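Trainee: could you look at this predicted model? Sequence included:
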Amino acid sequence: MIDHFGFPVSDIARSVEFYLDAFAPVGLEELQRVQTPSGALVGFGSAGHPFFWLHEGARGVQQELHFAFSAPSREAVDGVHERAVASGIEVLHAPRVWPEYHPGYYAVFLRDPNGHNVEAVHHTF
């Protein structure tokens, strides 16, 4: 049910080096790197699917965590969005395709009550 998760790090280069070195025996690889306005976003995983993400964050500041639930269809993603709107939940990004991740990445992003960024995503490959 969990599709992927991510969290901020204060030193992206050092963190990437740590995870690639320490978890090489379990097959963890860097699979994707996206440059965002706030810095690098680095995806790790295996078998071509990034499921663990790190992003550049500020030192000494509590920052949001991120996790995504797998959705069985685009309609399910839309359903999450509809329920969020009906319940007054903050919608960070309405459902759409995110081609910067991959051409079939369809997701909605919400803010949970603790300030975290939570997502429902459907992958069409």
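Mentor: In hand now; what should we look at?

Trainee: mind listing what's buried along the strand or helix carrying residue 94?
Mentor: Using DSSP states H and E, residue 94 sits within strand 91-97. Of all the residues in strand 91-97, those buried under the rule 16 or more other C-beta atoms under 10 Å are residue 95. In short, each C-beta sits where N, CA and C put it, glycine included.

Trainee: and it, what does it pack against?
Mentor: In terms of contact count using 3 or more C-beta pairs under 8 Å, 6 or more residues apart in numbering; DSSP states H and E, strand 91-97 is assigned the packing partners helix 74-87, strand 105-111.

Trainee: any regions of this structure where pLDDT drops low?
Mentor: 59-60, 62 (pLDDT under 70).

Trainee: let me see the domain layout of it.
Mentor: Residue ranges for the domains of the chain, per automatic domain parsing: 1-60, 64-125.

Trainee: spit out the contact partners of residue 20.
Mentor: Shown here is residue 20, whose contacts under the criterion C-beta atoms under 8 Å, 6 or more residues apart in numbering are 28, 29, 30, 44.

Trainee: no more questions from me, cheers.
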